[in-house]
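Asks: Predicted model, plus sequence, below.
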Amino acid sequence: MKQKKITIIGGSGGMGKVFGRYFKGHGFDVTIYARNKERLKDVANEMGVNYESSLERSVKHADIVMVTIPIISTPEIIKRIGPYLKENALIFDITSLKKEVFEALKDLKNAFPVNCISLHPMFGPGIKDMKNYVILVLKIGGTDKYDIIINDLLDIFRSDGLIITETLPDIHDKRVALTLGVPHMLNILFLKLLNNANEPLNELTKYSGTTFLLQKVFAESIIQREMEMFGEIQMENQQFLIILEKFEKLVNKYRKIIENKDIKGFSEIFSQGLDYSKEDNHFKNSYKYFYEFLKILKGK
């Protein structure tokens, strides 16, 4: 394969570094761009890649441009770089929300002879091996070479065991609100609720059973990551507001069930959750997985 040039906008961040190393490992000539010039240089030296302090120069000769910056800034940066992209260049983002980014990329490919795709890796910067992880793909369009250029990129991902799942903006944002926004919210509120009870977490752990211990670890792993990213995933997604309204109604209903000692109502919610879960591929072995996690946690 002819060595291709890729520029990563936001390349000094966590996911920028992950993909910078990834593409370098696949023989790409990697250039990173970021606003913080001092950090940009340090990260480039750390990874052994090129860096560029000018946005225009960074993308001008790139065969591929990857955008990995905060969700709220991504549509604007896509608009800015359009005039600088070379013919048949491929541009993609990796944001967690797609509605506005999808429209920005669609406008870009209609205005310039470039190729656009939107990706969402369903993993974070702590990843070591991409095998069996999912990457969501939204195809947008471009030049007459679109299919060849897009498939070249996706074939690289497939070669490392990434699972390619194609989707559409509205479906993506609703399902991401459920698979990212809801777990983030529940774990953030879990810790806040414990804090409001004025009980030290170390003391609570002395009383913890298996369920509490795992829930605590999940919550602690989330709360240590970028607050801005979690805020954007929930605040910028209109689908999450709809889900939040449903959640509020459900909590109110649950409170009434508990207050009224309504065992029938409690059983109904419990049974509905059980029936819903039975369709899941992990359901049969979920209890086994639960204790496997605990073994890891306890170092056994």
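Replies: Nice, thanks for sending it over. Numbers count the residues shown, from 1 in each chain.
Asks: give me the number of residues near the closest residue to G161 other than its chain neighbours?
Replies: Spatially, and ignoring its direct neighbours in sequence, G161 is nearest to K131 (3.3 Å; CB to CB, 6 or more residues apart in numbering). For every residue, glycine as well, the C-beta is placed using N, CA and C. K131 is flanked by 10 other residues according to other CB atoms under 10 Å.
Asks: repeat for I257
Replies: 17.
Asks: how about the strands of this protein, start to end?
Replies: 5-9, 29-33, 50-51, 64-67, 90-93, 115-121, 134-141, 163-166 (DSSP state E).
Asks: I'd assumed V18 was in contact with M66.
Replies: No: the criterion here is CB atoms under 8 Å, and M66 misses it with V18 at 10.9 Å.
Asks: neighbour-wise, which of those two wins?
Replies: M66 (25 against 21).
Asks: what about the more buried one, distance to K24?
Replies: 13 Å (CB to CB, to the nearest Å).
Asks: Next, the distance between the ends of stretch 48-61.
Replies: End-to-end distance for stretch 48-61: 19 Å, by CA to CA, to the nearest Å.
Asks: and if you look at stretch 81-91?
Replies: Terminal-residue distance, stretch 81-91 (CA to CA): 10 Å.
Asks: just stretch 254-266 next, same as before
Replies: First-to-last distance for stretch 254-266 - CA to CA - comes to 8 Å.
Asks: next one: that stretch to chain centre, how far?
Replies: 36 Å (CA atoms, centre = their mean, to the nearest Å).
Asks: Show the average pLDDT along that stretch.
Replies: The average of the pLDDT scores along stretch 254-266 is 98.
Asks: List the buried residues for that stretch?
Replies: I257 (16 or more other CB atoms under 10 Å).
Asks: about what we covered before: can you tell me which of the strands of the chain comes nearest to K109?
Replies: Set against K109 and scored by CB to CB, these come closest in strand 115-121, at 4.5 Å.
Asks: helices and strands around that closest one, which ones?
Replies: strand 90-93, helix 99-111, strand 134-141, helix 146-159 (3 or more CB pairs under 8 Å, 6 or more residues apart in numbering; DSSP states H and E).
Asks: Among the ones you listed, which comes closest to F190?
Replies: strand 134-141 (25.1 Å).
Asks: Could you tell me which strands sit next to that closest one in the sheet, and their orientation?
Replies: strand 115-121 (antiparallel), strand 163-166 (parallel) (DSSP bridges).
Asks: so which of those is the most packed in?
Replies: strand 115-121 (a mean of 23; mean count of other CB atoms under 10 Å).
Asks: got the CA coordinates for that one in PDB?
Replies: In PDB, the C-alpha atoms belonging to strand 115-121 read as follows (Å, rounded to 0.1, in the frame of the first residue of the first chain):
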ATOM      1  CA  ASN A 115     -15.400  12.100   0.800                       C
ATOM      2  CA  CYS A 116     -17.100  12.000   4.200                       C
ATOM      3  CA  ILE A 117     -17.900   9.400   6.700                       C
ATOM      4  CA  SER A 118     -18.700   9.700  10.400                       C
ATOM      5  CA  LEU A 119     -17.400   7.200  12.900                       C
ATOM      6  CA  HIS A 120     -18.100   6.400  16.600                       C
ATOM      7  CA  PRO A 121     -15.600   4.100  18.300                       C
END
